[in-house]
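Enquirer: take a look and give me a structure for this.
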Amino acid sequence: MAATRAYHHGDLRRSVLSAALEVIRSDGVAAISLRDLARRAEVSHAAPAHHFKDKAGLLTAIATEGFELLAAALTAVPAGTTHRLREMGVRYVEFALDHPAHFEVMFRPHLVHVDDPELTAARERASRALASGVEDLPDVRAGLDARRAGLTAWSLAHGFATLQLGGSLPSLDDDPAETFRALVSDRLVVRLP
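Expert: Here you go, the predicted structure:
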(Lines give C-alpha, C1' and ligand atoms only; values in the text may rest on other atoms or scores of the structure.)
Protein backbone atom coordinates (compact mmCIF):
# COMPACT_ATOMS: atom_id res chain seq x y z
CA MET A 1 0.00 0.00 0.00
CA ALA A 2 1.38 3.38 -0.98
CA ALA A 3 1.97 5.80 1.80
CA THR A 4 -0.09 8.95 1.76
CA ARG A 5 2.13 11.98 1.36
CA ALA A 6 1.68 14.17 4.41
CA TYR A 7 1.64 17.91 3.94
CA HIS A 8 5.13 18.70 5.02
CA HIS A 9 7.31 20.52 2.62
CA GLY A 10 10.53 22.22 3.66
CA ASP A 11 9.82 25.52 1.95
CA LEU A 12 6.73 25.21 -0.18
CA ARG A 13 6.72 28.89 -1.10
CA ARG A 14 10.27 28.72 -2.48
CA SER A 15 9.57 25.41 -4.22
CA VAL A 16 6.53 26.83 -5.99
CA LEU A 17 8.40 30.00 -6.95
CA SER A 18 11.31 27.98 -8.32
CA ALA A 19 8.99 25.73 -10.30
CA ALA A 20 7.14 28.77 -11.67
CA LEU A 21 10.40 30.41 -12.76
CA GLU A 22 11.36 27.19 -14.54
CA VAL A 23 8.00 27.06 -16.35
CA ILE A 24 8.27 30.71 -17.40
CA ARG A 25 11.82 30.18 -18.70
CA SER A 26 10.87 27.13 -20.71
CA ASP A 27 7.27 27.78 -21.79
CA GLY A 28 6.42 31.40 -21.02
CA VAL A 29 4.23 33.04 -18.43
CA ALA A 30 1.00 31.88 -20.09
CA ALA A 31 1.89 28.28 -19.15
CA ILE A 32 1.70 29.00 -15.41
CA SER A 33 -0.95 27.03 -13.55
CA LEU A 34 -1.13 26.72 -9.76
CA ARG A 35 -2.44 23.18 -10.14
CA ASP A 36 0.56 22.20 -12.31
CA LEU A 37 2.97 23.86 -9.89
CA ALA A 38 1.41 21.91 -7.00
CA ARG A 39 1.93 18.71 -8.96
CA ARG A 40 5.58 19.62 -9.59
CA ALA A 41 6.09 20.39 -5.88
CA GLU A 42 4.28 17.14 -5.00
CA VAL A 43 1.72 18.81 -2.76
CA SER A 44 -2.06 19.10 -2.85
CA HIS A 45 -3.50 21.27 -5.61
CA ALA A 46 -4.69 23.78 -2.99
CA ALA A 47 -1.33 24.20 -1.23
CA PRO A 48 0.13 26.94 -3.51
CA ALA A 49 -3.02 29.04 -3.02
CA HIS A 50 -2.20 29.11 0.70
CA HIS A 51 0.88 31.22 -0.08
CA PHE A 52 -0.19 33.10 -3.21
CA LYS A 53 -4.02 33.02 -3.29
CA ASP A 54 -4.08 33.08 -7.12
CA LYS A 55 -1.93 33.17 -10.24
CA ALA A 56 -1.60 36.96 -10.04
CA GLY A 57 -0.39 36.61 -6.45
CA LEU A 58 2.28 34.14 -7.55
CA LEU A 59 3.39 36.44 -10.37
CA THR A 60 3.39 39.38 -7.95
CA ALA A 61 5.81 37.44 -5.72
CA ILE A 62 8.03 36.76 -8.74
CA ALA A 63 7.98 40.41 -9.79
CA THR A 64 8.73 41.52 -6.21
CA GLU A 65 11.68 39.16 -6.00
CA GLY A 66 12.86 40.40 -9.40
CA PHE A 67 12.78 44.05 -8.35
CA GLU A 68 14.66 43.17 -5.16
CA LEU A 69 17.34 41.38 -7.19
CA LEU A 70 17.51 44.29 -9.65
CA ALA A 71 17.82 46.84 -6.85
CA ALA A 72 20.65 44.80 -5.34
CA ALA A 73 22.43 44.62 -8.70
CA LEU A 74 22.11 48.37 -9.28
CA THR A 75 23.18 49.37 -5.78
CA ALA A 76 26.22 47.11 -6.05
CA VAL A 77 27.77 49.77 -8.31
CA PRO A 78 29.37 52.05 -5.72
CA ALA A 79 28.97 55.81 -5.73
CA GLY A 80 32.02 57.45 -7.22
CA THR A 81 32.47 54.71 -9.85
CA THR A 82 33.62 56.17 -13.16
CA HIS A 83 30.71 56.10 -15.58
CA ARG A 84 28.49 54.82 -12.80
CA LEU A 85 25.25 55.09 -14.75
CA ARG A 86 26.73 53.13 -17.66
CA GLU A 87 27.88 50.43 -15.24
CA MET A 88 24.40 50.35 -13.74
CA GLY A 89 23.10 49.80 -17.27
CA VAL A 90 25.51 46.89 -17.65
CA ARG A 91 24.24 45.42 -14.36
CA TYR A 92 20.67 45.89 -15.61
CA VAL A 93 21.45 43.92 -18.78
CA GLU A 94 23.25 41.21 -16.78
CA PHE A 95 20.28 40.98 -14.41
CA ALA A 96 17.85 40.52 -17.32
CA LEU A 97 20.01 37.83 -18.92
CA ASP A 98 20.59 36.01 -15.62
CA HIS A 99 16.93 36.21 -14.51
CA PRO A 100 14.85 36.08 -17.70
CA ALA A 101 11.73 34.69 -16.01
CA HIS A 102 11.69 37.48 -13.43
CA PHE A 103 12.34 40.03 -16.18
CA GLU A 104 9.43 38.67 -18.23
CA VAL A 105 7.00 39.29 -15.37
CA MET A 106 8.33 42.48 -13.76
CA PHE A 107 7.22 44.96 -16.40
CA ARG A 108 3.81 43.51 -17.22
CA PRO A 109 1.40 45.17 -14.78
CA HIS A 110 -1.63 43.30 -16.12
CA LEU A 111 -0.15 40.07 -14.71
CA VAL A 112 0.35 41.20 -11.11
CA HIS A 113 -1.42 42.89 -8.22
CA VAL A 114 0.04 46.35 -8.94
CA ASP A 115 -1.07 47.75 -5.58
CA ASP A 116 0.72 45.05 -3.56
CA PRO A 117 2.76 46.88 -0.89
CA GLU A 118 5.79 44.58 -1.14
CA LEU A 119 5.86 44.92 -4.93
CA THR A 120 5.50 48.70 -4.69
CA ALA A 121 8.36 48.93 -2.17
CA ALA A 122 10.66 46.69 -4.24
CA ARG A 123 9.89 48.62 -7.43
CA GLU A 124 10.63 51.89 -5.63
CA ARG A 125 13.99 50.55 -4.35
CA ALA A 126 15.03 49.66 -7.89
CA SER A 127 13.82 53.02 -9.17
CA ARG A 128 15.72 54.91 -6.46
CA ALA A 129 18.86 52.94 -7.27
CA LEU A 130 18.65 53.96 -10.93
CA ALA A 131 17.86 57.54 -9.95
CA SER A 132 20.99 57.67 -7.81
CA GLY A 133 23.08 56.91 -10.90
CA VAL A 134 21.29 59.60 -12.88
CA GLU A 135 21.85 62.15 -10.13
CA ASP A 136 25.62 61.57 -10.44
CA LEU A 137 25.63 62.88 -14.02
CA PRO A 138 27.32 66.27 -14.37
CA ASP A 139 24.61 67.42 -16.80
CA VAL A 140 21.90 66.64 -14.24
CA ARG A 141 23.77 68.65 -11.64
CA ALA A 142 23.90 71.46 -14.21
CA GLY A 143 20.13 71.43 -14.65
CA LEU A 144 19.33 68.64 -17.13
CA ASP A 145 15.91 67.10 -16.40
CA ALA A 146 16.81 64.10 -14.22
CA ARG A 147 13.52 62.36 -14.93
CA ARG A 148 14.08 62.43 -18.68
CA ALA A 149 17.70 61.39 -18.26
CA GLY A 150 16.58 58.44 -16.13
CA LEU A 151 13.96 57.44 -18.69
CA THR A 152 16.61 57.59 -21.44
CA ALA A 153 19.05 55.43 -19.48
CA TRP A 154 16.38 52.93 -18.48
CA SER A 155 15.00 52.70 -22.03
CA LEU A 156 18.44 52.03 -23.44
CA ALA A 157 19.30 49.23 -20.99
CA HIS A 158 15.80 47.74 -20.98
CA GLY A 159 15.49 47.85 -24.75
CA PHE A 160 18.87 46.23 -25.27
CA ALA A 161 18.09 43.49 -22.73
CA THR A 162 14.65 42.87 -24.24
CA LEU A 163 16.04 42.62 -27.76
CA GLN A 164 18.80 40.29 -26.58
CA LEU A 165 16.38 38.01 -24.70
CA GLY A 166 14.01 37.96 -27.64
CA GLY A 167 16.74 36.89 -30.04
CA SER A 168 16.22 40.03 -32.12
CA LEU A 169 19.81 41.27 -32.06
CA PRO A 170 22.27 40.05 -34.65
CA SER A 171 24.55 37.32 -33.40
CA LEU A 172 27.30 38.88 -31.34
CA ASP A 173 30.53 37.15 -30.47
CA ASP A 174 30.93 39.30 -27.39
CA ASP A 175 29.27 38.98 -24.04
CA PRO A 176 26.02 40.99 -24.36
CA ALA A 177 26.79 43.04 -21.24
CA GLU A 178 30.19 43.94 -22.69
CA THR A 179 28.54 44.81 -26.00
CA PHE A 180 26.14 47.10 -24.15
CA ARG A 181 29.05 48.75 -22.35
CA ALA A 182 30.86 49.29 -25.66
CA LEU A 183 27.75 50.65 -27.39
CA VAL A 184 27.20 53.19 -24.66
CA SER A 185 30.84 54.17 -24.19
CA ASP A 186 31.58 54.35 -27.93
CA ARG A 187 28.40 56.34 -28.52
CA LEU A 188 27.43 53.99 -31.34
CA VAL A 189 23.85 53.98 -30.15
CA VAL A 190 23.34 57.12 -28.11
CA ARG A 191 25.23 59.04 -25.49
CA LEU A 192 23.64 58.84 -22.08
CA PRO A 193 22.72 62.35 -20.97
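Enquirer: so Ala46 sits against Leu37, correct?
Expert: No. Between Ala46 and Leu37 there is no contact under Cβ atoms under 8 Å: 11.7 Å. (Glycine included, C-beta is placed from N, CA and C.)
Enquirer: the two: which has the busier surroundings?
Expert: Set side by side, Ala46 and Leu37 show more neighbours around Leu37, with 24 against 11, by other Cβ atoms under 10 Å.
Enquirer: how about the contacts made by Met106?
Expert: Residues near Met106 by Cβ atoms under 8 Å, 6 or more residues apart in numbering: 62-63, 66-67, 70.
Enquirer: and with 10 Å instead?
Expert: Met106 sits next to 59, 62-67, 69-70, 95-96, 99, 112, 119, 122-123, 126 when contact means Cβ atoms under 10 Å, 6 or more residues apart in numbering.
Enquirer: buried ones among these?
Expert: Buried by 16 or more other Cβ atoms under 10 Å: 59, 62-67, 69-70, 95-96, 99, 112, 119, 122-123, 126, out of the contacts of Met106.
Enquirer: take those residues and keep only those in helices.
Expert: Under the assignment DSSP state H, those contribute 59, 62-67, 69-70, 95-96, 119, 122-123, 126 to helices.
Enquirer: so which of those comes closest to Pro170?
Expert: Ala96 (18.1 Å; Cβ to Cβ).
Enquirer: distance check, that closest one against Val105.
Expert: 12 Å (Cβ to Cβ, to the nearest Å).
Enquirer: which neighbours do the two share?
Expert: Listed as contacting both Ala96 and Val105 by Cβ under 10 Å, 6+ apart are Gly66.
Enquirer: the helices in the protein, which residues?
Expert: 12-27, 34-41, 47-52, 55-75, 84-98, 100-106, 117-135, 138-141, 146-165, 176-185.
Enquirer: so what does the fourth one touch, helix or strand wise?
Expert: Of the remaining helices and strands, those touching helix 55-75 by 3 or more Cβ pairs under 10 Å, 6 or more residues apart in numbering; DSSP states H and E are helix 12-27, helix 34-41, helix 47-52, helix 84-98, helix 100-106, helix 117-135.
Enquirer: mind redoing it with 7 Å?
Expert: helix 12-27, helix 47-52, helix 84-98, helix 100-106, helix 117-135 (3 or more Cβ pairs under 7 Å, 6 or more residues apart in numbering; DSSP states H and E).
Enquirer: flag every buried residue along the second one.
Expert: Neighbour-count burial for helix 47-52, with 16+ other Cβ under 10 Å as criterion, is recorded at 47-49, 51-52.
Enquirer: again with stretch 154-170
Expert: Those buried within stretch 154-170 under the rule 16+ other Cβ under 10 Å are 154, 156-158, 160-162, 164-165.
Enquirer: turn these into a markdown table, columns for pLDDT and distance to Ala41.
Expert: Converted to a markdown table, those look like this (pLDDT from 0 to 100; distance: Cβ to Cβ, whole Å):
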| residue | pLDDT | distance to Ala41 |
| --- | --- | --- |
| Trp154 | 90 | 35 |
| Leu156 | 92 | 39 |
| Ala157 | 94 | 34 |
| His158 | 96 | 32 |
| Phe160 | 94 | 35 |
| Ala161 | 95 | 30 |
| Thr162 | 95 | 30 |
| Gln164 | 93 | 31 |
| Leu165 | 93 | 27 |
